[in-house]
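Peer 1: I'd like to go over a predicted model; first the sequence, then the structure.
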Amino acid sequence: MRRTRVAVSVIFGLCLWAAQAFADGALVIGENLKVGMPLKDALVLLGHPDSLKIYRGTETATDSVAIEYPNQGVIVRALNMGTAVEGIDILPGFKGHFASGVKIGDKFSVLIEKYGTPQSLSMDIARYPNLGLYFLLKDQLLVSGKSFAKGSKLLDGRLANPSEN
């Protein structure tokens, strides 16, 4: 009985810690949530997902899973048999920020100030492939983004950076 109370106390404490972390606006892309981190650490940080989608790749090795957290404004992507985060979609509702301080809704000029001139800019996509960052813009405002691990086998990552394929 005592072990049960201790276990419940520990779980309750972890839940309070996680709730406090989100209350502090703790999601920071490139710091506590980043590509390359162990998938299990991302799942502990984000909690129970709203949904899970499986995507077929061009071959079995590129099949992937998208773990969706719309309330936090992110989708975490991993290869089906992978143990690391391969990609992160940053949705328009994301309330956190990037390690550089950039936030959804910032002007394009803020991207240039923080990251420099993009390697390429086309169809309202600012590409920073050396950083694994891709920002989607509308009317010169940041509306969403994507981050991919270097050399990712995710189809989206390869499509975002066709020059590396």
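Peer 2: Arrived safely, thanks for sending. Residues are numbered from 1 along each chain as shown.

Peer 1: now the residue nearest the centre of the chain: which helix or strand?
Peer 2: Central residue of the chain (C-alpha atoms, centre = their mean): residue 88, 2.7 Å from the mean position. If you go by DSSP states H and E, residue 88 is part of strand 87-90.

Peer 1: quick one: strands adjacent to the very next helix or strand once past that strand?
Peer 2: Later in the chain than strand 87-90, the nearest helix or strand by DSSP H and E is strand 97-98. The strands beside strand 97-98 in its sheet (DSSP bridges) come out as strand 28-29 (parallel).

Peer 1: the partner strand: how far from the chain's middle?
Peer 2: Strand 28-29 has its C-alpha centroid displaced from the chain centroid by 8 Å (C-alpha atoms, centre = their mean, to the nearest Å).

Peer 1: same thing with stretch 41-57?
Peer 2: Remark: stretch 41-57 is offset 11 Å from the chain centroid, using C-alpha atoms, centre = their mean.

Peer 1: export it to CSV, keeping only CA atoms.
Peer 2: C-alpha atoms of stretch 41-57 as CSV (Å, rounded to 0.1, in the frame of the first residue of the first chain):
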residue,chain,number,x,y,z
ASP,A,41,12.2,12.3,-24.4
ALA,A,42,9.9,14.3,-26.7
LEU,A,43,7.0,12.1,-25.8
VAL,A,44,7.6,12.7,-22.1
LEU,A,45,7.9,16.4,-22.7
LEU,A,46,4.7,16.7,-24.8
GLY,A,47,2.6,14.0,-23.1
HIS,A,48,-0.3,12.1,-24.6
PRO,A,49,-0.7,13.0,-28.3
ASP,A,50,-4.1,13.9,-29.9
SER,A,51,-3.5,11.6,-32.8
LEU,A,52,-1.0,9.4,-34.6
LYS,A,53,-0.7,9.0,-38.3
ILE,A,54,1.4,6.5,-40.3
TYR,A,55,2.9,7.5,-43.6
ARG,A,56,4.2,5.2,-46.3
GLY,A,57,7.6,6.2,-47.6
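
Peer 1: follow-up on the earlier one: any idea which element the residue lying closest to the residue nearest to the centre of the chain once chain neighbours are set aside lies in?
Peer 2: In space, and not counting its chain neighbours, residue 88 is closest to residue 147: 4.6 Å by C-beta to C-beta, 6 or more residues apart in numbering. For every residue, glycine as well, the C-beta is placed using N, CA and C. Using DSSP H and E, residue 147 maps to strand 141-148.

Peer 1: ok so, going back, look up which residues are beta-bridged to the residue nearest to residue 88.
Peer 2: Note on residue 147: beta-bridge partners residue 88, residue 133, judged by DSSP bridges.

Peer 1: no further queries at this time; thank you.
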